[in-house]
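**Q** turn this into a structure:
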Amino acid sequence: MRTHYCGQINAELAGQEVTLCGWVNKRRDLGGLIFIDLRDREGLLQVVFDPDQKALFETANSLRQEFCVRLSGKVNRRPESQVNKTMATGEVELLATDLEILSRSEPLPIDFNQQVSEEARLRYRYLDLRRPQMNEKLQFRAKVTSAVRRFFDDNGFLDIETPMLTRATPEGARDYLVPSRTHKGRFFALPQSPQLFKQLLMMSGFDRYYQIVKCFRDEDLRADRQPEFTQIDIETSFMSAEQVMQITEQMARDLFKQLLDVDLGQFPSMTWHEAMRRFGSDKPDLRNPLELMDVADVLKDVEFKVFSGPANDEEGRVAAIRLPGQAENVSRKMIDEYTQFVGIYGAKGLAWIKVNDRSAGREGLQSPILKFLPDEVIEPLLERTEAQTGDVLFFGADKANVVAEALGALRLKLGKDFELVSNEWKPLWVVDFPMFEVADDGSLAALHHPFTAPVNVTPEELKANPAAAISNAYDMVLNGVELGGGSVRIHENAMQQAVFEVLGIEKDEAQEKFGFLLEALKYGTPPHAGLAFGLDRLVMLMVGASSIRDVIAFPKTTTAACVLTDAPGAANPAALQELGVKSIVKEDE
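**A** Residues are numbered from 1 along each chain as shown. Sure thing, here's the model as predicted:
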């Protein structure tokens, strides 16, 4: 139906006849002439209709916004004075010779010239996606997936699909369940990831696997989460953690260079413990210069129990953040707001000191906590925090995890509020994670997943001291966002059984849930390791979007609903009966 896309028309085509298809983006009637901006996925082109062609001009006069049309004409150069430098096609225009209205549009239910709510955008997503901003994001996403496929194809990886209907496995979130008609009372689960199947592929001899795959998790949502999301999933055999990190880092560097002309350089590496100590986060944003500094040893003997209690507790921590040069700009109202902010993360308060004159010692400081601090700790405290005149010190004192979360979040907020975050790309690897974390009920839980291998311990040593175990895991972080995470997997049955035992998974339960994996581990399993990138997050970062919903064609809302299709919806009672399922929820509930 067409010879070119609108965005492809340029001065080299001047004098040629072309045929275009698209939508009327804008119509302007200047009395003697009618102009429209025709839009398709590749861009905009100005089209002009000559009143001397009466039938054509009359049809053009009926055009309205979002009419879908096909038209032909001659490409003309615009006079120098009329060149539109804001349009890629601004040097030319099309003098129309033929026009066919393929489909008319009713007045639009939303006006994108005004502020439109996200709910309205999602309800009329097919209109929202016509906007150039959204079109560009999805086109960029397609370029990302194409480049990813080329990279892995060129490096000997095989694209292999894994099942969507599978068995429920514990991976940290609730499963989406699918009832079986042929096995009444039994359910498939939609995969939270292809974890077990990609390990089985390694056992099957496919030593380099990748897949761009849908994953499903029934969890509470926020800006960077969706109930269905997309992973770039990778698994390898006979490769070390360092080799997996090397090849996936190269993929990321190639991607940024090809699509953004950005050189990410070599990625630095940081242990989990260092990241938590310095930044209060296992995905630190290195563009932010603020850091957490431990001061417990300086304050452990003060009578002020707010400090000395956590300072003398093995599970406690006292840390400080130095905000440089902002003492005059930080009001008491702001401090109260920051105190409320850290309370969200469990902190009971926020101590602070303004350094008005560093050379004056105690007399140059301002804070309600100074009366609790003896002279002998003031100078060591200022030295430890490297405080200078004009600085503000903020303190967190509590259990170590509370201090990390509260001050880690405060660090990010201060960096944003005072515009301290640099405009650059800062990648890194975070490595050497703890193997286990303490769950709410006091039991141990896998920090990543129960198939992650520990570093340099035997099964017996792991069971004897699980809290000391370090996992052979690694996360790729960019500008405070976890792009991907992976690990070396367990490839020996005895170690897998030991991990299950530490996690409190009894043999019968392990056999019921993972029997097929445990059986496969008996038959010459190769050492293997992998990593999974969050494609949605990766694209979100690369295009500068604030939410992954802006880089997904048809996302769900924060309540995991689709307002476009009104999903989820009620099921047909006959279908439920055939599945052997009964709904106990009334329709009005």
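
**Q** residue 208: what's it in contact with?
**A** Residue 208 is in contact with 152, 155, 156, 157, 158, 235, 236, 237, counting by CB atoms under 8 Å, 6 or more residues apart in numbering. C-betas here are computed from N, CA, C, even on glycine.

**Q** just residue 149 next, same as before
**A** With contact set as CB under 8 Å, 6+ apart, residue 149 has these partners: 159, 212.

**Q** can you check the one 4 residues further on too?
**A** The contact partners of residue 153, by CB under 8 Å, 6+ apart, come to residue 159.

**Q** also the one 4 residues further on?
**A** For residue 157, the residues meeting the contact criterion (CB under 8 Å, 6+ apart) are 208, 209, 210, 234.

**Q** before we move on, the earlier item: filter the contacts of residue 208 down to the ones in helices?
**A** Among the contacts of residue 208, the members falling in helices (DSSP state H) are residue 152.

**Q** for the contacts of residue 208, which entry has the maximal number of neighbours?
**A** Sorting these by how many neighbours each has (other CB atoms under 10 Å) puts residue 235 first, at 29 neighbours.

**Q** who does it form a beta bridge with?
**A** Assessed by DSSP bridges, residue 235 has beta-bridge partners residue 209, residue 530.

**Q** that one and residue 576: what is the separation?
**A** In this structure, residue 235 lies at 38 Å from residue 576, with CB to CB, to the nearest Å as the measure.

**Q** which strand or helix spans the closest residue to residue 131 other than its chain neighbours?
**A** Once its chain neighbours are removed from consideration, residue 131 has its nearest residue in residue 112; the separation is 5.9 Å (CB to CB, 6 or more residues apart in numbering). Element membership for residue 112 (DSSP states H and E) is empty, with no helix or strand holding it.

**Q** what is the burial count for residue 112?
**A** 13.

**Q** that one and residue 129 touch, don't they?
**A** No. With contact defined as CB atoms under 8 Å, residue 112 does not reach residue 129; the gap is 11.5 Å.

**Q** can you tell me which of the contacts of residue 208 is nearest residue 568?
**A** Residue 568 has its nearest neighbour among these in residue 235, at 32.3 Å by CB to CB.

**Q** buried residues in stretch 54-68?
**A** 56, 57, 59, 60, 63, 66, 67 (16 or more other CB atoms under 10 Å).

**Q** ok, these vs residue 432, which is closest?
**A** Checking the buried residues of stretch 54-68 one by one against residue 432 (CB to CB), the nearest turns out to be residue 66, at 55.1 Å.

**Q** if I pick the residue nearest to the closest one when sequence neighbours are not counted, what's in contact with it?
**A** Once flanking residues are discounted, residue 66 sits nearest to residue 105: 3.8 Å by CB to CB, 6+ apart. Under the criterion of CB under 8 Å, 6+ apart, the contact list for residue 105 reads 64, 65, 66, 67, 68.

**Q** please redo it, this time with the cut-off set to 7 Å
**A** 64, 65, 66, 67 (CB atoms under 7 Å, 6 or more residues apart in numbering).

**Q** check residue 22 too.
**A** By CB under 7 Å, 6+ apart, the contact list for residue 22 reads 6, 38, 39, 40, 69.

**Q** apart from its neighbours in sequence, what residue is nearest it?
**A** The shortest distance from residue 22 to any residue that is not its chain neighbour, by CB to CB, 6+ apart, is 3.8 Å, and that residue is residue 40.

**Q** cool, and residue 447?
**A** Distance criterion CB to CB, 6+ apart; nearest residue to residue 447, sequence neighbours excluded, is residue 437 at 4.9 Å.

**Q** strands paired with the helix or strand harbouring the one you found, and their directions?
**A** Applying DSSP H and E as the criterion places residue 437 in strand 436-438. The strands that strand 436-438 pairs with in its sheet are strand 444-446 (antiparallel) (by DSSP bridges).

**Q** helix or strand next in line after the partner strand, which one?
**A** Next along the chain after strand 444-446, taking DSSP H and E as the criterion, comes helix 459-464.

**Q** tell me which residues are up against the very next helix or strand once past that following helix.
**A** Note on helix 459-464: by DSSP H and E, the next helix or strand toward the C-terminus is strand 473-478. When contacts are taken as CB under 7 Å, 6+ apart, the neighbours of strand 473-478 outside the stretch itself are 241, 245, 248, 252, 282-284, 425, 427-431, 433, 448, 452, 482-487, 541.

**Q** whichever of those end up buried, select them in ChimeraX.
**A** When burial is assessed using 16+ other CB under 10 Å, the buried subset of these is captured in ChimeraX by this command:
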select :241,245,248,252,282,283,284,425,427,428,429,430,431,433,448,452,482,483,484,485,486,487,541
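
**Q** so which of the contacts of strand 473-478 sit within strands?
**A** Members of the contacts of strand 473-478 lying in strands (criterion: DSSP state E): 427, 428, 429, 430, 431, 482, 483, 484, 485, 486, 487.

**Q** can you name the residues bridging to the fourth one?
**A** The residues paired with residue 430 through beta bridges, assigned by DSSP bridges, are residue 270, residue 475.

**Q** shaky segments in this structure?
**A** 169-172, 223, 587-589 (pLDDT under 70).

**Q** I figured residue 97 hits residue 71, correct?
**A** No. Counting by CB atoms under 7 Å, residue 97 stays clear of residue 71, with 8.2 Å between them.

**Q** the more surrounded of the two?
**A** Between residue 97 and residue 71, counted using other CB under 10 Å, the more crowded position is residue 71 (25 against 15).

**Q** got TSV for the ones in strands among the contacts of strand 473-478, with distance to residue 568 too?
**A** Converted to TSV, those look like this (distance: CB to CB, whole Å):
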residue	distance to residue 568
427	38
428	39
429	39
430	36
431	40
482	29
483	30
484	30
485	30
486	32
487	34
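
**Q** from those residues, which single one is nearest residue 536?
**A** When the ones in strands among the contacts of strand 473-478 are compared for distance to residue 536 (CB to CB), residue 483 wins out at 10.6 Å.

**Q** out of everything not next to it in sequence, what's closest to that closest one?
**A** On the basis of CB to CB, 6+ apart, the spatially nearest residue to residue 483 that is not a chain neighbour turns out to be residue 476, at 4.7 Å.

**Q** before we move on, back to that, what kind of secondary structure is the residue nearest to residue 66 in?
**A** Classification of residue 105 by DSSP: H, G, I helix; E, B strand; the rest coil places it in coil.
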